[in-house]
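Participant: Turn this into a structure:
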Amino acid sequence: MNEMCMHIDRIDAYHDAALNPSDMAWMKEHLRTCPPCADRLRQIEQISQLFADTAQDVMPFPAKSRLLSTVRAAVDRAPSRFAWEMTGIAASVLVAATIWLATVPSSAQAGANWERAAATGGRSLQITPSTTQPTETQFASWVVSDLSENQTQEQP
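Facilitator: From the prediction side, this is the model:
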């Protein structure tokens, strides 16, 4: 009986009538001549009978009804709760991005700061408080004065 048959894995499908008709007929004939497969089928039938004989508790109708309504309510609530959570996250991201954009200088302002630092050689600028950005004339005069200073320093 320690012999194993290569068809033993199909016994479950035969028992459950999950094979096509020609395979069912072939397996029925095979079971007559193969003791390992026949033993396996008997084991499966005994287990099936044990399950069939077991008393099943039947849930009363009102309890089934309450359970079903609770499950349906939970399922109906899940998508709307997810949508509210995603809306809250999106709103938080929008608020954070707005605050960040309000506090970060614009790229035009950053460019003006770089130009100002390059034109003055790191010296502080004399800009009137009413003007935050240098005019083209101021910028040109700084460039000319800086070039003049460099020329006088280079000449011996």
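Participant: longest single helix anywhere in the chain?
Facilitator: helix 61-103 (DSSP state H).
Participant: To which secondary structure element type does residue 19 belong?
Facilitator: Look at residue 19: counting by DSSP: H, G, I helix; E, B strand; the rest coil, its state is coil.
Participant: Hmm, residue 27 and it touching each other?
Facilitator: Yes - judged on CB atoms under 8 Å, residue 19 makes contact with residue 27 at a distance of 6.4 Å. All C-beta atoms are positioned from the backbone trio N, CA, C, and that covers glycine.
Participant: what's the longest helix of the chain packed up against?
Facilitator: Contacts defined by 3 or more CB pairs under 8 Å, 6 or more residues apart in numbering; DSSP states H and E place helix 61-103 against no helix or strand at all.
Participant: residues shared between the contacts of residue 19 and residue 27?
Facilitator: Contact with both residue 19 and residue 27 is made by residues residue 10, according to CB atoms under 8 Å, 6 or more residues apart in numbering.
Participant: State the pLDDT value of residue 150.
Facilitator: Per-residue pLDDT puts residue 150 at 61.
Participant: swap that for residue 28, please
Facilitator: Reported pLDDT for residue 28: 94.
Participant: Off-centre distance for the helix or strand containing it?
Facilitator: Element membership for residue 28, per DSSP states H and E: helix 21-33. Offset of helix 21-33 from its chain centre (CA atoms, centre = their mean, to the nearest Å): 50 Å.
Participant: next SSE after that helix?
Facilitator: Next along the chain after helix 21-33, taking DSSP H and E as the criterion, comes helix 35-53.
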